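Q: Sharing a sequence plus its predicted fold:
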Amino acid sequence: MRGFTGSLGDKILPIVRQNATATGTDPVGYLSEALGMSAFTLEDGAVYQTYATTARGLEFVMTYYPILDRVPKGRDEGDTPQTWIRRHDEYA
């Protein structure tokens, strides 16, 4: 895998490889553009970061997850994190 050698390449989650390929980039490019959410406050002229999260911590802004959590098979994630996600025409 380009950009990874040795055991580091083995530590990349399958979903990262899957999403990188699906978006036309490599894992390094994909991870460098990862989503995140931060909250800040201004107090006496100083800015403080009060909260930050990435990855699974962002589920609260992914409005489809609560819907999937209420259907019969739920997210149907299986053993590998998030590789269950498919485009509408990629299901068997």
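A: Perfect, thanks for sending it.
Q: Name the nearest residue to the most centrally placed residue in the chain, ignoring sequence neighbours.
A: Per Cα atoms, centre = their mean, the C-alpha nearest to the average position across the chain is that of Ala55, at 4.5 Å. In space, and not counting its chain neighbours, Ala55 is closest to Ala34: 7.5 Å by Cβ to Cβ, 6 or more residues apart in numbering. The C-beta positions use only the backbone N, C-alpha and C, and glycine is treated the same way.
Q: Return the distance of the one you found relative to Thr53.
A: Counting by Cβ to Cβ, to the nearest Å, the gap from Ala34 to Thr53 is 11 Å.
Q: Who has more neighbours out of the two?
A: Neighbours per residue, other Cβ atoms under 10 Å: of Ala34 and Thr53, the larger number sits with Thr53, 15 against 10.
Q: Would you verify that the more buried one is located in a strand?
A: Yes - counting by DSSP: H, G, I helix; E, B strand; the rest coil, Thr53 is part of a strand.
Q: Where does the closest residue to it other than its chain neighbours sit: helix, strand or coil?
A: Leaving out its chain neighbours, the residue that sits closest to Thr53 by Cβ to Cβ, 6+ apart is Met37, at 5.5 Å. With three-state DSSP as the basis, the three-state label of Met37 is strand.
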